[in-house]
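J.: I need the structure of the sequence given here:
(one chain, ligands or ions: 1)
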Amino acid sequence: MSDLSVSHLLGIKNLTTEDIHLIFKTAEQFKEVINRPIKKVPSLRDITVANLFFENSTRTRLSFEIAEKRLSADVVNFSAAQSSVKKGETLIDTVNNILAMKVDMVVMRHSHPGAAHFLSQHVDASIINAGDGAHEHPTQALLDAFSMQSALQSDIKGAKVAIIGDILHSRVALSNIFCLQKLGAEVMVCGPQTLIPKHMPEMGVLVETNVDKALAWADVANMLRVQHERMNLPYFPTLREYVTHYGVTMERLEALPKVPVIMHPGPINRGVEITSEVADSKHSIILQQVENGVAIRMAVLYLLAAKRTMNFTA
Ligand code: CP
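T.: So this is what the prediction gives:
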């Protein structure tokens with residue numbers, strides 16, 4: 001198979017396992033490109049990509065912009081904070097105005113689950129979901145799984161992956177679960193019971209509330225931050241108690257017979273879900289995740305642009 005089954009990347013749920021393998025294979029080639037002295041290729045020349053960020057982002061926004069520029073696309077950036085959204089303009093009006101300027105692809109982050117899907121129903125451009133509320137963050141899951149594969153130096157099939165932290169408010173958790181299960185990994189979520197959605201067992205996901213047991217079980221531990229900004233209720237008594245029960249420290253890791261690979265999608269709350277010592281240790285692949293993010297996003301942009309060309313010429 002040489003093309004994606006989808007015309008937009010709205011979530012991992014819509015991808016086939018073959019799509020994921022194709023994205024990884026393409027990302028391997030782009031990883032080689034971005035490590036050359038001349039890092040740019042002409043693959044997206046004459047393609048205009050708009051990065052529409054209605055919600056804050058550091059890594060995803062910069063990573064997409066670098067990926068687009070490495071592929072020689074024309075790039076426009078939009079941030080809601082400096083836009084007419086503040087004057088009451090609707091999402092569809094904002095996007096239609098941008099598309100009237102002949103944009104081919106849109107990378108969008110929005111606080112509403114389903115915003116990227118809504119857009120894909122109303123505009124002609126190819127849409128990439130860069131995070132929609134607490135729903136999905138597909139490129140994060142792809143770069144996480146790609147990084148795990150590289151760290152484990154093997155296929156993910158059969159690997160034990162614990163996702164630890166605030167699962168309830170996390171789009172990264174849901175996309176990771178879909179992606180890892182499609183690749184044949186065993187997935188466990190760990191955190192306070194109040195931060196674990198009730199439907200996890202129905203999805204075939206193991207649930208553990210003891211972080212030491214989760215770390216002892218796992219080949220990989222993907223640490224998630226507590227998303228205070230999405231909480232309208234107190235989900236645990238105090239932050240200090242959370243750190244005591246769920247914070248990953250060197251002491252906790254040193255007590256294990258085998259230390260799992262430590263991952264974090266960022267932004268990190270150092271000293272809360274993970275100490276600086278752990279984040280910067282030899283067990284952590286956090287910066288490799290960031291590097292792989294550019295290659296994965298180049299692959300997604302490239303494959304969707306190829307699909308778009310095919311759809312136009314068919
Ligand atoms: N991992 C991630 O999505 O980070 P940003 O919110 O900084 O984009």
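J.: check contacts around Thr60.
T.: Going by C-beta atoms under 8 Å, 6 or more residues apart in numbering, Thr60 touches Arg109, Ala130, Gly131, His137, Thr139, Gln140, Gly293. Every residue, glycine included, has its C-beta placed from N, CA and C.
J.: Keep only those residues that also lie close to the ligand.
T.: Among the contacts of Thr60, proximity to the ligand is found for Gly131, His137, Gln140 (C-beta under 6 Å from any ligand atom).
J.: Those residues in helices, which ones?
T.: Using DSSP state H, the members of the ones next to the ligand among the contacts of Thr60 that fall in helices are Gln140.
J.: Is it possible to get JSON lines of the ones next to the ligand among the contacts of Thr60 that adds pLDDT and neighbour count?
T.: JSON lines is the format used below for these (pLDDT from 0 to 100; neighbours: other C-beta atoms under 10 Å):
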{"residue": "Gly131", "pLDDT": "97", "neighbour count": "25"}
{"residue": "His137", "pLDDT": "98", "neighbour count": "27"}
{"residue": "Gln140", "pLDDT": "98", "neighbour count": "26"}
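J.: For the chain, which segments are assigned as strands?
T.: 48-53, 74-79, 105-110, 126-132, 160-164, 186-190, 206-208, 220-223, 261-263 (DSSP state E).
J.: Who are the packing partners of the second one?
T.: What it means is strand 74-79. Packing partners of strand 74-79 (3 or more C-beta pairs under 8 Å, 6 or more residues apart in numbering; DSSP states H and E): strand 48-53, helix 59-70, helix 91-99.
J.: next one: the third one
T.: With contacts defined as 3+ C-beta pairs under 8 Å, 6+ apart, the secondary structure elements packing on strand 105-110 are strand 48-53, helix 59-70, helix 91-99, helix 115-122, strand 126-132, helix 286-313.
J.: same check, this time on the longest one
T.: The helices and strands touching strand 126-132, judged by 3+ C-beta pairs under 8 Å, 6+ apart, are helix 59-70, strand 105-110, helix 115-122, helix 138-152, helix 286-313.
J.: List the residues that contact the residue in the stretch 101-250 of the chain that the ligand sits nearest to.
T.: For the stretch 101-250 of the chain, the residue closest to the ligand is Gln140, as judged by C-beta to the nearest ligand atom, at 5.3 Å. Gln140 sits next to Thr60, Gly131, Arg171, Val172, Ser175, Asn176, Pro265, Gly293 when contact means C-beta under 8 Å, 6+ apart.
J.: and if you look at His117?
T.: Neighbours of His117 in contact, by C-beta under 8 Å, 6+ apart: Leu10, Asn129, Asp132.
J.: which one of the residues you listed sits closest to His283?
T.: Using C-beta to C-beta, Asn129 comes nearest to His283 of the contacts of His117, at 30.5 Å.
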